[in-house]
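Asks: Sequence unavailable; structure follows:
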């Protein structure tokens with residue numbers, strides 16, 4: 001089956017100007033039998049979202065007890081089988097496995113004949129585009145990379161978070177309408193990411209979201225050390241405002257001792273941090289150096305202030 005066959009069969013209506021509005025019901029996919037390979041935190045949530053849109057999840061695969069529990073909660077009644085059996089039952093297959101496992105999975109499924117021509121294969125890895133699906137595309141599968149820019153819990157909370165969630169979409173040009181329509185059906189908003197910049201796209205998201213978790217956890221640990229009983233309650237309003245300001249204004253939102261060039265305050269911070277676990281002082285120094293460089297580039301501090309800050313930050317005995 002070729003991509004154009006979907007329009008011929010009425011499964012995807014032709015889109016004006018080649019893209020059209022994926023929110024238009026006329027551009028939405030026909031009801032599909034959906035399979036989920038990998039029932040970690042992402043797969044069951046996306047499968048449940050497609051099911052709410054009118055598709056039917058017919059099979060899933062999961063190895064660990066936790067993954068099977070997630071499938072049972074978000075996809076009740078769906079049978080748990082092997083990956084080849086999932087592909088045998090489904091028109092649309094979600095490959096929601098770890099990044100490093102994806103290439104071997106696709107190669108193995110294609111080599112064993114599990115992939116059917118015309119079958120839609122969707123992976124959710126942010127790090128990969130559609131090139132990783134080439135072994136399956138070579139035997140006639142329709143490859144899509146749909147990455148939800150969201151953190152998942154593996155619970156029903158994730159379904160609400162998908163509403164308005166941006167998805168990084170990479171697909172062959174002729175399949176772009178299909179990819180965007182599926183994202184809209186899951187409640188998301190498609191954002192086109194060309195194949196060549198997919199690694200940079202994922203690096204940006206991981207740097208922002210993953211390291212934010214580490215940063216917040218470290219700040220909470222320091223507040224507990226300072227005797228604050230509910231550090232999350234204290235940090236919530238401050239971090240919420242800082243995030244909002246930074247998203248709106250970028251570097252213009254920089255505040256605090258580094259952005260002001262207060263080297264003496266930074267020295268006192270480092271003296272306090274010398275009493276805690278080594279990962280926190282190292283993180284503080286790295287982020288303070290980066291902040292000083294951005295403040296200098298913006299003109300918030302001058303070169304003299306920046307040099308004084310860097311001298312303090314490079315004093316490893318603190």
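Replies: Sure thing, it's come through. Source: prediction; values computed, not measured. Residues are numbered from 1 along each chain as shown.
Asks: Tell me which stretches of the protein form helices.
Replies: Secondary structure of the chain, counting by DSSP state H: helices at 4-8, 43-52, 65-74, 83-89, 99-111, 134-137, 157-161, 176-185, 198-225, 231-249, 257-260, 263-273, 279-298, 303-313.
Asks: which helices and strands sit right next to the fourth one?
Replies: Right, helix 83-89. Under the contact criterion of 3 or more C-beta pairs under 8 Å, 6 or more residues apart in numbering; DSSP states H and E, helix 83-89 touches strand 33-37, strand 56-61, helix 99-111. Backbone N, C-alpha and C define where each C-beta goes, glycine included.
Asks: try it again with 10 Å
Replies: Helix 83-89 makes packing contacts with strand 33-37, strand 56-61, strand 79-80, strand 92-95, helix 99-111 when contacts are defined by 3 or more C-beta pairs under 10 Å, 6 or more residues apart in numbering; DSSP states H and E.
Asks: Going by contacts, tell me the helices and strands next to the third one.
Replies: Just to be clear, that refers to strand 79-80. Contacting strand 79-80 under the criterion 3+ C-beta pairs under 10 Å, 6+ apart are the following elements: strand 56-61, helix 65-74, helix 83-89.
Asks: Single out the most deeply packed of these.
Replies: strand 56-61 (a mean of 24; mean count of other C-beta atoms under 10 Å).
Asks: tell me the angle of that one relative to helix 43-52?
Replies: Calculated by axes from the mean of the first three to the mean of the last three C-alpha atoms, to 10 degrees, strand 56-61 forms an angle of 170 degrees with helix 43-52.
Asks: Show me what the mean pLDDT comes to for strand 56-61.
Replies: Confidence for strand 56-61, expressed as mean pLDDT, is 97.
Asks: Next, count neighbours for the residue lying closest to residue 218 once chain neighbours are set aside.
Replies: Spatial nearest neighbour of residue 218, excluding adjacent residues (C-beta to C-beta, 6 or more residues apart in numbering): residue 280 at 4.9 Å. The local packing of residue 280 (other C-beta atoms under 10 Å) involves 21 other residues.
Asks: now swap in residue 144 and tell me
Replies: For residue 144, the count of nearby residues is 26 (other C-beta under 10 Å).
Asks: Pull the contacting residues for residue 61.
Replies: Residue 61 makes contacts with 35-39, 43, 67-68, 71, 79-87, 97, as judged by C-beta atoms under 10 Å, 6 or more residues apart in numbering.
Asks: okay if I get the helices and strands packed on helix 83-89 as JSON lines plus distance to residue 138?
Replies: Shown next, in JSON lines, are these (distance: least, C-beta to C-beta, whole Å):
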{"stretch": "strand 33-37", "distance to residue 138": "19"}
{"stretch": "strand 56-61", "distance to residue 138": "23"}
{"stretch": "strand 79-80", "distance to residue 138": "29"}
{"stretch": "strand 92-95", "distance to residue 138": "16"}
{"stretch": "helix 99-111", "distance to residue 138": "7"}
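Asks: so where is the stretch 1-150 of the chain shaky, pLDDT-wise?
Replies: Along the stretch 1-150 of the chain, the model assigns pLDDT under 70 to residues 1-29.
Asks: let's see 80
Replies: Applying pLDDT under 80 to the stretch 1-150 of the chain flags residues 1-30.
Asks: rewinding a little: out of the helices and strands packed on helix 83-89, which is closest to residue 194?
Replies: For residue 194, the closest of those is helix 99-111, at 18.7 Å, according to C-beta to C-beta.
Asks: could you check the angle strand 33-37 makes with that closest one?
Replies: In terms of direction (the same axes, to 10 degrees), helix 99-111 departs from strand 33-37 by 130 degrees.
Asks: From the chain's centroid, how far away is helix 99-111?
Replies: Offset of helix 99-111 from its chain centre (C-alpha atoms, centre = their mean, to the nearest Å): 20 Å.
Asks: so what does that helix touch, helix or strand wise?
Replies: strand 33-37, helix 83-89, strand 92-95, strand 120-123, helix 134-137.
Asks: Need the ones you listed in JSON lines (columns: distance to residue 107).
Replies: Shown next, in JSON lines, are these (distance: least, C-beta to C-beta, whole Å):
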{"stretch": "strand 33-37", "distance to residue 107": "14"}
{"stretch": "helix 83-89", "distance to residue 107": "12"}
{"stretch": "strand 92-95", "distance to residue 107": "12"}
{"stretch": "strand 120-123", "distance to residue 107": "13"}
{"stretch": "helix 134-137", "distance to residue 107": "5"}
